[in-house]
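J.: Please find the sequence and the predicted model below.
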Amino acid sequence: MSRLLKLLAVVLAITLVAASCGDDDDAAEPAAPADEAPAETAAPADDEAPATTAAADDVVETQGCDHTFHVITHGDSGVFWSVVEVAVADAAAAIGCDVVYFGSNNDALAQAQEIEAAVASGSSGIAISLADPAGVSDAAAGVVAAGIPLYTLNSGVNNYKDLGAVTHVGQTEVVAGNGAGERFNALGATHVLCARQEQSNVALEERCEGLAETFNGDVTSEFVGLDANPDEQQNSIAAILQADPSIDGVLGVGPNLPLRALAAGEQAGRELVIGGFDLSGDLIDAIEAGDVAFTVDQQQYLQGYLPVVLMYLQATNQNTAGGGLPILTGPGFVDTANASVVKALVQQGTR
(Lines give C-alpha, C1' and ligand atoms only; values in the text may rest on other atoms or scores of the structure.)
Protein backbone atom coordinates (compact mmCIF):
# COMPACT_ATOMS: atom_id res chain seq x y z
CA MET A 1 0.00 0.00 0.00
CA SER A 2 2.90 2.36 0.55
CA ARG A 3 3.63 2.26 -3.20
CA LEU A 4 0.00 3.12 -3.97
CA LEU A 5 0.10 6.06 -1.58
CA LYS A 6 3.30 7.36 -3.13
CA LEU A 7 1.94 7.06 -6.68
CA LEU A 8 -1.33 8.69 -5.68
CA ALA A 9 0.63 11.59 -4.24
CA VAL A 10 2.64 11.90 -7.47
CA VAL A 11 -0.48 11.84 -9.65
CA LEU A 12 -2.26 14.39 -7.47
CA ALA A 13 0.68 16.76 -7.47
CA ILE A 14 1.36 16.50 -11.21
CA THR A 15 -2.36 16.69 -12.07
CA LEU A 16 -2.69 19.93 -10.15
CA VAL A 17 0.31 21.37 -11.99
CA ALA A 18 -0.90 20.08 -15.35
CA ALA A 19 -4.42 21.37 -14.80
CA SER A 20 -3.02 24.86 -14.39
CA CYS A 21 -0.89 24.35 -17.54
CA GLY A 22 2.22 25.03 -15.51
CA ASP A 23 5.62 25.16 -17.22
CA ASP A 24 8.82 27.13 -17.11
CA ASP A 25 7.29 30.43 -18.12
CA ASP A 26 3.94 32.06 -18.87
CA ALA A 27 1.17 29.51 -19.30
CA ALA A 28 -2.10 29.87 -21.15
CA GLU A 29 -5.26 29.24 -19.20
CA PRO A 30 -6.58 25.65 -19.31
CA ALA A 31 -9.47 25.13 -21.62
CA ALA A 32 -12.58 23.01 -21.53
CA PRO A 33 -12.20 19.67 -23.27
CA ALA A 34 -14.27 20.79 -26.24
CA ASP A 35 -11.19 22.40 -27.71
CA GLU A 36 -8.55 20.03 -28.97
CA ALA A 37 -5.88 17.59 -28.60
CA PRO A 38 -3.20 16.19 -29.60
CA ALA A 39 -1.31 17.21 -30.18
CA GLU A 40 2.46 18.04 -27.75
CA THR A 41 -1.14 19.78 -27.26
CA ALA A 42 -4.93 17.75 -30.09
CA ALA A 43 -1.57 17.45 -29.05
CA PRO A 44 0.04 16.67 -31.47
CA ALA A 45 0.75 16.32 -31.14
CA ASP A 46 2.42 14.59 -33.27
CA ASP A 47 5.30 15.90 -33.97
CA GLU A 48 8.64 14.52 -34.94
CA ALA A 49 10.45 12.96 -37.84
CA PRO A 50 8.51 9.92 -39.09
CA ALA A 51 10.59 6.85 -39.79
CA THR A 52 9.91 4.62 -42.76
CA THR A 53 8.70 1.59 -40.82
CA ALA A 54 6.75 1.03 -37.61
CA ALA A 55 8.74 0.71 -34.44
CA ALA A 56 9.01 -2.69 -32.77
CA ASP A 57 7.39 -3.32 -29.40
CA ASP A 58 9.53 -2.11 -26.52
CA VAL A 59 8.77 -4.14 -23.40
CA VAL A 60 10.04 -2.78 -20.12
CA GLU A 61 10.77 -5.84 -17.99
CA THR A 62 10.02 -5.57 -14.28
CA GLN A 63 9.36 -7.87 -11.33
CA GLY A 64 6.52 -8.49 -8.91
CA CYS A 65 3.48 -7.37 -10.90
CA ASP A 66 0.67 -9.43 -12.40
CA HIS A 67 -0.38 -6.71 -14.86
CA THR A 68 0.85 -5.75 -18.32
CA PHE A 69 -0.02 -2.35 -19.74
CA HIS A 70 0.32 -1.00 -23.28
CA VAL A 71 1.14 2.47 -24.62
CA ILE A 72 0.46 2.55 -28.37
CA THR A 73 1.08 5.76 -30.27
CA HIS A 74 1.49 7.18 -33.76
CA GLY A 75 4.96 8.34 -32.78
CA ASP A 76 8.42 7.69 -34.13
CA SER A 77 11.80 7.64 -32.40
CA GLY A 78 12.56 11.32 -32.99
CA VAL A 79 13.32 14.03 -30.48
CA PHE A 80 9.72 14.30 -29.25
CA TRP A 81 8.65 10.68 -28.95
CA SER A 82 11.96 9.45 -27.57
CA VAL A 83 11.15 11.48 -24.44
CA VAL A 84 7.74 9.80 -24.22
CA GLU A 85 9.47 6.41 -24.39
CA VAL A 86 11.85 7.40 -21.59
CA ALA A 87 8.87 8.44 -19.49
CA VAL A 88 7.06 5.14 -20.13
CA ALA A 89 10.16 3.21 -19.06
CA ASP A 90 10.55 5.34 -15.93
CA ALA A 91 6.90 4.82 -15.00
CA ALA A 92 7.19 1.07 -15.57
CA ALA A 93 10.12 0.96 -13.19
CA ALA A 94 8.17 2.96 -10.62
CA ILE A 95 5.13 0.67 -10.63
CA GLY A 96 7.07 -2.58 -11.07
CA CYS A 97 5.00 -3.86 -14.01
CA ASP A 98 5.63 -4.78 -17.65
CA VAL A 99 4.70 -1.98 -20.03
CA VAL A 100 4.76 -2.50 -23.80
CA TYR A 101 5.44 0.62 -25.85
CA PHE A 102 4.76 0.77 -29.60
CA GLY A 103 5.17 3.69 -32.01
CA SER A 104 3.60 3.29 -35.46
CA ASN A 105 5.49 6.07 -37.24
CA ASN A 106 2.24 7.75 -38.34
CA ASP A 107 0.85 4.48 -39.73
CA ALA A 108 -2.75 4.32 -38.48
CA LEU A 109 -3.23 0.74 -39.73
CA ALA A 110 -0.18 -0.49 -37.84
CA GLN A 111 -1.32 1.36 -34.72
CA ALA A 112 -4.83 -0.12 -34.96
CA GLN A 113 -3.44 -3.63 -35.41
CA GLU A 114 -1.23 -3.22 -32.35
CA ILE A 115 -4.21 -2.04 -30.30
CA GLU A 116 -6.17 -5.11 -31.38
CA ALA A 117 -3.22 -7.35 -30.47
CA ALA A 118 -3.01 -5.74 -27.03
CA VAL A 119 -6.72 -6.42 -26.47
CA ALA A 120 -6.26 -10.05 -27.52
CA SER A 121 -3.35 -10.40 -25.10
CA GLY A 122 -5.54 -9.45 -22.14
CA SER A 123 -3.90 -6.13 -21.38
CA SER A 124 -4.74 -4.53 -18.03
CA GLY A 125 -4.85 -1.06 -19.56
CA ILE A 126 -4.19 0.56 -22.94
CA ALA A 127 -3.15 4.15 -23.61
CA ILE A 128 -3.21 5.43 -27.19
CA SER A 129 -2.69 8.61 -29.17
CA LEU A 130 -5.40 9.68 -31.61
CA ALA A 131 -3.65 11.70 -34.30
CA ASP A 132 -5.77 9.87 -36.90
CA PRO A 133 -9.16 9.24 -35.24
CA ALA A 134 -10.70 7.81 -38.41
CA GLY A 135 -7.97 5.18 -38.69
CA VAL A 136 -7.77 4.18 -35.02
CA SER A 137 -11.19 4.75 -33.43
CA ASP A 138 -12.65 1.33 -34.31
CA ALA A 139 -9.73 -0.43 -32.66
CA ALA A 140 -10.00 1.92 -29.68
CA ALA A 141 -13.69 1.11 -29.33
CA GLY A 142 -12.69 -2.54 -29.14
CA VAL A 143 -10.60 -1.78 -26.05
CA VAL A 144 -13.63 -0.45 -24.20
CA ALA A 145 -15.85 -3.25 -25.49
CA ALA A 146 -13.40 -5.76 -24.01
CA GLY A 147 -13.69 -4.10 -20.61
CA ILE A 148 -10.09 -2.81 -20.66
CA PRO A 149 -9.49 0.73 -19.35
CA LEU A 150 -8.65 3.08 -22.23
CA TYR A 151 -6.64 6.28 -21.91
CA THR A 152 -5.66 8.73 -24.63
CA LEU A 153 -2.48 10.79 -24.70
CA ASN A 154 -0.98 13.55 -26.81
CA SER A 155 -3.74 13.58 -29.45
CA GLY A 156 -7.37 12.81 -28.69
CA VAL A 157 -8.88 15.49 -26.48
CA ASN A 158 -11.76 15.93 -28.95
CA ASN A 159 -12.55 12.22 -29.11
CA TYR A 160 -11.68 10.52 -25.83
CA LYS A 161 -15.12 10.95 -24.25
CA ASP A 162 -16.96 9.57 -27.27
CA LEU A 163 -14.67 6.53 -27.23
CA GLY A 164 -15.28 5.90 -23.54
CA ALA A 165 -11.72 6.62 -22.42
CA VAL A 166 -11.17 7.34 -18.74
CA THR A 167 -9.35 10.60 -19.44
CA HIS A 168 -6.97 12.32 -21.84
CA VAL A 169 -3.43 13.34 -20.93
CA GLY A 170 -2.09 16.08 -23.15
CA GLN A 171 -2.37 19.62 -24.40
CA THR A 172 -5.35 21.53 -25.69
CA GLU A 173 -3.95 22.46 -29.08
CA VAL A 174 -6.22 25.37 -29.94
CA VAL A 175 -5.31 27.02 -26.64
CA ALA A 176 -1.63 26.35 -27.35
CA GLY A 177 -2.05 28.03 -30.74
CA ASN A 178 -3.82 30.93 -29.03
CA GLY A 179 -0.77 31.47 -26.86
CA ALA A 180 1.53 31.42 -29.88
CA GLY A 181 -0.66 34.04 -31.58
CA GLU A 182 -0.37 36.32 -28.57
CA ARG A 183 3.41 35.92 -28.64
CA PHE A 184 3.57 36.91 -32.31
CA ASN A 185 1.42 39.96 -31.56
CA ALA A 186 3.87 41.05 -28.87
CA LEU A 187 6.82 40.43 -31.21
CA GLY A 188 5.34 42.69 -33.90
CA ALA A 189 4.70 40.18 -36.70
CA THR A 190 2.00 40.99 -39.24
CA HIS A 191 1.73 37.85 -41.43
CA VAL A 192 2.64 34.41 -40.08
CA LEU A 193 3.16 31.21 -42.04
CA CYS A 194 1.94 28.28 -39.94
CA ALA A 195 4.08 25.45 -41.29
CA ARG A 196 2.90 21.86 -40.76
CA GLN A 197 4.94 18.65 -41.04
CA GLU A 198 2.01 16.20 -41.30
CA GLN A 199 -1.04 16.37 -43.53
CA SER A 200 -3.55 14.23 -41.61
CA ASN A 201 -2.78 15.21 -38.01
CA VAL A 202 -5.76 17.18 -36.71
CA ALA A 203 -3.74 18.39 -33.71
CA LEU A 204 -1.32 20.27 -35.94
CA GLU A 205 -4.17 21.85 -37.87
CA GLU A 206 -5.73 23.00 -34.60
CA ARG A 207 -2.47 24.64 -33.55
CA CYS A 208 -2.71 26.76 -36.70
CA GLU A 209 -6.40 27.44 -36.07
CA GLY A 210 -5.61 28.60 -32.54
CA LEU A 211 -2.89 30.88 -33.90
CA ALA A 212 -5.39 32.47 -36.29
CA GLU A 213 -7.89 33.09 -33.47
CA THR A 214 -5.62 35.38 -31.44
CA PHE A 215 -3.09 36.71 -33.96
CA ASN A 216 -3.97 40.23 -35.11
CA GLY A 217 -2.48 39.81 -38.59
CA ASP A 218 -2.80 37.29 -41.42
CA VAL A 219 -2.13 33.54 -41.11
CA THR A 220 -1.21 31.21 -43.97
CA SER A 221 -1.35 27.50 -43.06
CA GLU A 222 0.59 25.11 -45.28
CA PHE A 223 1.94 21.56 -45.24
CA VAL A 224 5.63 21.97 -46.09
CA GLY A 225 6.89 18.38 -46.07
CA LEU A 226 7.69 15.62 -43.61
CA ASP A 227 10.36 15.89 -40.94
CA ALA A 228 12.10 12.99 -42.68
CA ASN A 229 12.79 15.37 -45.58
CA PRO A 230 14.42 18.48 -44.07
CA ASP A 231 15.65 19.77 -47.44
CA GLU A 232 12.11 19.61 -48.82
CA GLN A 233 10.83 21.50 -45.78
CA GLN A 234 13.44 24.23 -46.13
CA ASN A 235 12.85 24.62 -49.87
CA SER A 236 9.08 24.63 -49.44
CA ILE A 237 9.22 27.38 -46.82
CA ALA A 238 11.68 29.38 -48.91
CA ALA A 239 9.38 29.13 -51.94
CA ILE A 240 6.40 30.35 -49.90
CA LEU A 241 8.45 33.27 -48.58
CA GLN A 242 9.60 34.23 -52.06
CA ALA A 243 6.02 34.05 -53.38
CA ASP A 244 4.65 36.28 -50.61
CA PRO A 245 6.93 39.09 -49.40
CA SER A 246 4.41 40.10 -46.72
CA ILE A 247 5.19 37.03 -44.57
CA ASP A 248 7.38 38.17 -41.68
CA GLY A 249 6.83 35.31 -39.22
CA VAL A 250 6.84 31.52 -39.21
CA LEU A 251 5.31 29.19 -36.64
CA GLY A 252 6.60 25.64 -37.05
CA VAL A 253 4.17 23.27 -35.35
CA GLY A 254 6.96 20.87 -34.34
CA PRO A 255 10.52 21.20 -33.05
CA ASN A 256 12.25 20.74 -36.42
CA LEU A 257 10.35 23.24 -38.56
CA PRO A 258 11.60 26.36 -36.75
CA LEU A 259 15.14 25.36 -37.75
CA ARG A 260 14.04 24.77 -41.34
CA ALA A 261 12.35 28.19 -41.27
CA LEU A 262 15.55 29.79 -40.01
CA ALA A 263 17.51 28.30 -42.90
CA ALA A 264 14.76 29.15 -45.39
CA GLY A 265 14.76 32.76 -44.27
CA GLU A 266 18.48 32.97 -44.91
CA GLN A 267 17.97 31.28 -48.28
CA ALA A 268 15.27 33.78 -49.23
CA GLY A 269 17.14 36.77 -47.78
CA ARG A 270 14.39 37.48 -45.24
CA GLU A 271 14.40 38.37 -41.55
CA LEU A 272 11.67 36.47 -39.73
CA VAL A 273 10.09 36.18 -36.31
CA ILE A 274 10.14 32.42 -35.67
CA GLY A 275 8.29 30.32 -33.11
CA GLY A 276 7.91 26.58 -32.68
CA PHE A 277 6.33 23.73 -30.80
CA ASP A 278 8.03 21.21 -28.52
CA LEU A 279 11.70 20.83 -27.72
CA SER A 280 14.99 19.60 -29.11
CA GLY A 281 18.60 20.40 -28.29
CA ASP A 282 19.09 22.26 -31.58
CA LEU A 283 15.92 24.28 -31.06
CA ILE A 284 16.98 25.28 -27.54
CA ASP A 285 20.35 26.37 -28.94
CA ALA A 286 18.58 28.55 -31.52
CA ILE A 287 16.43 30.12 -28.81
CA GLU A 288 19.49 30.81 -26.65
CA ALA A 289 21.16 32.44 -29.64
CA GLY A 290 18.11 34.65 -30.25
CA ASP A 291 17.44 33.16 -33.69
CA VAL A 292 14.12 31.61 -32.63
CA ALA A 293 11.86 33.64 -30.34
CA PHE A 294 10.05 30.88 -28.45
CA THR A 295 8.66 27.36 -28.49
CA VAL A 296 5.46 25.99 -26.99
CA ASP A 297 6.19 23.13 -24.59
CA GLN A 298 3.56 20.45 -24.03
CA GLN A 299 5.77 18.49 -21.61
CA GLN A 300 5.61 15.14 -23.36
CA TYR A 301 7.38 13.37 -20.49
CA LEU A 302 4.14 13.75 -18.53
CA GLN A 303 2.21 12.34 -21.49
CA GLY A 304 4.22 9.12 -21.28
CA TYR A 305 4.53 8.85 -17.51
CA LEU A 306 1.06 9.75 -16.24
CA PRO A 307 -1.03 7.27 -18.29
CA VAL A 308 1.10 4.35 -17.05
CA VAL A 309 0.69 5.36 -13.41
CA LEU A 310 -3.02 6.05 -13.91
CA MET A 311 -3.60 2.64 -15.51
CA TYR A 312 -1.74 0.96 -12.66
CA LEU A 313 -3.76 2.75 -9.99
CA GLN A 314 -7.02 1.86 -11.72
CA ALA A 315 -6.02 -1.80 -12.09
CA THR A 316 -4.76 -2.20 -8.51
CA ASN A 317 -6.74 0.33 -6.47
CA GLN A 318 -9.77 1.28 -8.61
CA ASN A 319 -8.65 4.91 -8.78
CA THR A 320 -9.51 7.18 -11.70
CA ALA A 321 -8.40 10.76 -12.31
CA GLY A 322 -9.59 13.66 -14.42
CA GLY A 323 -13.20 13.74 -13.28
CA GLY A 324 -14.37 13.65 -16.89
CA LEU A 325 -11.99 16.41 -17.92
CA PRO A 326 -8.60 16.10 -19.64
CA ILE A 327 -5.40 16.29 -17.61
CA LEU A 328 -3.51 19.12 -19.27
CA THR A 329 0.27 19.02 -19.63
CA GLY A 330 0.59 22.38 -21.37
CA PRO A 331 0.95 24.80 -22.95
CA GLY A 332 3.99 26.45 -21.46
CA PHE A 333 6.65 28.46 -23.20
CA VAL A 334 10.42 28.29 -23.48
CA ASP A 335 12.23 31.45 -24.53
CA THR A 336 15.50 33.17 -23.75
CA ALA A 337 14.47 33.62 -20.11
CA ASN A 338 14.42 29.91 -19.28
CA ALA A 339 16.13 28.16 -22.21
CA SER A 340 19.36 27.40 -20.35
CA VAL A 341 17.53 25.62 -17.51
CA VAL A 342 15.39 23.56 -19.87
CA LYS A 343 18.42 22.77 -22.06
CA ALA A 344 20.02 20.65 -19.33
CA LEU A 345 16.82 18.62 -19.00
CA VAL A 346 16.61 18.14 -22.77
CA GLN A 347 20.14 16.79 -22.73
CA GLN A 348 19.23 14.20 -20.09
CA GLY A 349 16.24 13.07 -22.15
CA THR A 350 13.36 14.12 -19.92
CA ARG A 351 12.25 17.31 -21.72
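T.: Great, that's in hand.
J.: Please report how far P245 lies from R270.
T.: 8 Å (CB to CB, to the nearest Å). C-beta: built from backbone N, CA, C; applies to glycine.
J.: Quick check: neighbours shared by those two?
T.: With contacts taken as CB atoms under 8 Å, 6 or more residues apart in numbering, P245 and R270 have no neighbour in common.
J.: out of the two, which sits in the busier spot?
T.: R270 (16 against 10; other CB atoms under 10 Å).
J.: how about the helices in this protein?
T.: Using DSSP state H, the helices found in the chain span residues 2-19, 81-95, 108-120, 133-145, 160-163, 173-187, 202-214, 230-243, 257-268, 281-288, 300-317, 339-347.
J.: and those as CSV, adding distance to H70?
T.: Below are the helices of the chain laid out as CSV (distance: least, CB to CB, whole Å):
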stretch, distance to H70
helix 2-19, 19
helix 81-95, 10
helix 108-120, 4
helix 133-145, 9
helix 160-163, 16
helix 173-187, 24
helix 202-214, 21
helix 230-243, 32
helix 257-268, 30
helix 281-288, 30
helix 300-317, 9
helix 339-347, 27
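J.: I'd like those as a markdown table, with distance to T329 and mean neighbour count appended.
T.: Shown next, in a markdown table, are the helices of the chain (distance: least, CB to CB, whole Å; neighbours: other CB atoms under 10 Å):
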| stretch | distance to T329 | mean neighbour count |
| --- | --- | --- |
| helix 2-19 | 5 | 15 |
| helix 81-95 | 11 | 22 |
| helix 108-120 | 21 | 20 |
| helix 133-145 | 20 | 19 |
| helix 160-163 | 14 | 18 |
| helix 173-187 | 10 | 25 |
| helix 202-214 | 13 | 26 |
| helix 230-243 | 26 | 18 |
| helix 257-268 | 20 | 23 |
| helix 281-288 | 18 | 19 |
| helix 300-317 | 4 | 25 |
| helix 339-347 | 15 | 16 |
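J.: Save those helices as JSON lines, and put in mean pLDDT and distance to C194 too.
T.: Below are the helices of the chain laid out as JSON lines (pLDDT from 0 to 100; distance: least, CB to CB, whole Å):
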{"stretch": "helix 2-19", "mean pLDDT": "51", "distance to C194": "25"}
{"stretch": "helix 81-95", "mean pLDDT": "97", "distance to C194": "22"}
{"stretch": "helix 108-120", "mean pLDDT": "98", "distance to C194": "23"}
{"stretch": "helix 133-145", "mean pLDDT": "97", "distance to C194": "21"}
{"stretch": "helix 160-163", "mean pLDDT": "96", "distance to C194": "25"}
{"stretch": "helix 173-187", "mean pLDDT": "97", "distance to C194": "8"}
{"stretch": "helix 202-214", "mean pLDDT": "95", "distance to C194": "4"}
{"stretch": "helix 230-243", "mean pLDDT": "98", "distance to C194": "11"}
{"stretch": "helix 257-268", "mean pLDDT": "97", "distance to C194": "10"}
{"stretch": "helix 281-288", "mean pLDDT": "96", "distance to C194": "17"}
{"stretch": "helix 300-317", "mean pLDDT": "98", "distance to C194": "21"}
{"stretch": "helix 339-347", "mean pLDDT": "93", "distance to C194": "23"}
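J.: I72 is nearest to which of the ones you listed?
T.: If you check each of the helices of the chain against I72 by CB to CB, helix 108-120 wins as the nearest, at 5.0 Å.
J.: Wait, I72 touches S123, no?
T.: No - I72 lies out of contact with S123 (CB atoms under 8 Å); the separation is 9.6 Å.
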